[in-house]
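Chemist: Fold the following, please.
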Amino acid sequence: MFAAMRRKKQLLRAEDTAAVLAQGTSGVLALSDAGGYPYAVPLSYVFHGGRLYFHCAKSGHKLDLIRRDPRASFCVIDRDQVVPAEYTTYFRSVIAFGTLRVLEDEGEKRAAIEALAKKYAPDDTPEGLDAAIRRDWEPLCMLEMTIDHLAGKEAIELARARQGET
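Modeler: Now for the predicted structure:
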C-alpha cells in the first residue's frame, strides 16, 4: 500500500523520525478534496503517545473533507538548508500517513489540548494553561491522527555524516 523508499540510505531510523515529529512546530496536513484535488493546509500539532493531534474550529472545509474521507498525510520539515555551491539542499523531513478522527470524548479532547498547550507554552503555570484552555474550550475541536505509516528521509550528505562516511 505504501511505496518503499527508493533511496534506502537516506531513510531515517525510527527514533530519528519520532524526534523530528516531537521537535517540529508545524507541518502540512494533506486531505482529499471531493473534486479530486489535494487540499494541503499548514497546522501546528503535537506528537503525543504515538499519535498526532491538531486543533481547529468546529466547522469548516477541513472538517468537511475529513468527514468525507478521514485518510490523510502530514509532512514535517525538520531541516532545509540551501547549499548553492552544490546545487542542492540538505533536508530532513517526515511524512505520516494515517486516519483522522474528531475527538468527541471530553477527557480525550482535554488530554490532547493539554499536550498541545504544554508544547507551545511550556513555561506557563498549570493555572495559566487551564485558564487558556477554558477560555477557548467551546469553539475548540481536536483532531487525532492514528498513524498507519511513517517515513523519514534526509539528504544523502546528512545520512553520510550521521553514518560516519565521507
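Chemist: switch to C-alpha atoms for all contacts and neighbour counts from now on
Modeler: Will do.
Chemist: what about the helices in the protein?
Modeler: 14-23, 61-68, 106-120, 126-136, 156-162 (DSSP state H).
Chemist: Including mean pLDDT and distance to F74, could those helices go into a markdown table?
Modeler: What follows is those, written out as a markdown table (pLDDT from 0 to 100; distance: least, Cα to Cα, whole Å):
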| stretch | mean pLDDT | distance to F74 |
| --- | --- | --- |
| helix 14-23 | 94 | 10 |
| helix 61-68 | 95 | 13 |
| helix 106-120 | 96 | 16 |
| helix 126-136 | 94 | 25 |
| helix 156-162 | 80 | 22 |
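Chemist: Would you reformat those helices as CSV and include mean neighbour count and distance to F54?
Modeler: Compiled in CSV, the helices of the chain are given as follows (neighbours: other Cα atoms under 10 Å; distance: least, Cα to Cα, whole Å):
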stretch, mean neighbour count, distance to F54
helix 14-23, 16, 13
helix 61-68, 15, 12
helix 106-120, 16, 8
helix 126-136, 13, 14
helix 156-162, 14, 30
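Chemist: I'd like to know which of these is closest to I147.
Modeler: I147 lies closest, by Cα to Cα, to one member of the helices of the chain: helix 14-23, at 11.8 Å.
Chemist: what's the closest one packed up against?
Modeler: Packed against helix 14-23 by the contact rule (3 or more Cα pairs under 8 Å, 6 or more residues apart in numbering; DSSP states H and E) you find strand 46-48, strand 71-83, strand 88-102, strand 140-154.
Chemist: out of these, nearest to E108?
Modeler: strand 140-154 (8.9 Å).
Chemist: Just the buried residues of that closest one, please?
Modeler: 140-147, 150-154 (16 or more other Cα atoms under 10 Å).
Chemist: re the thing from before, for K119, find the nearest of the helices and strands packed on helix 14-23.
Modeler: strand 46-48 (7.0 Å).
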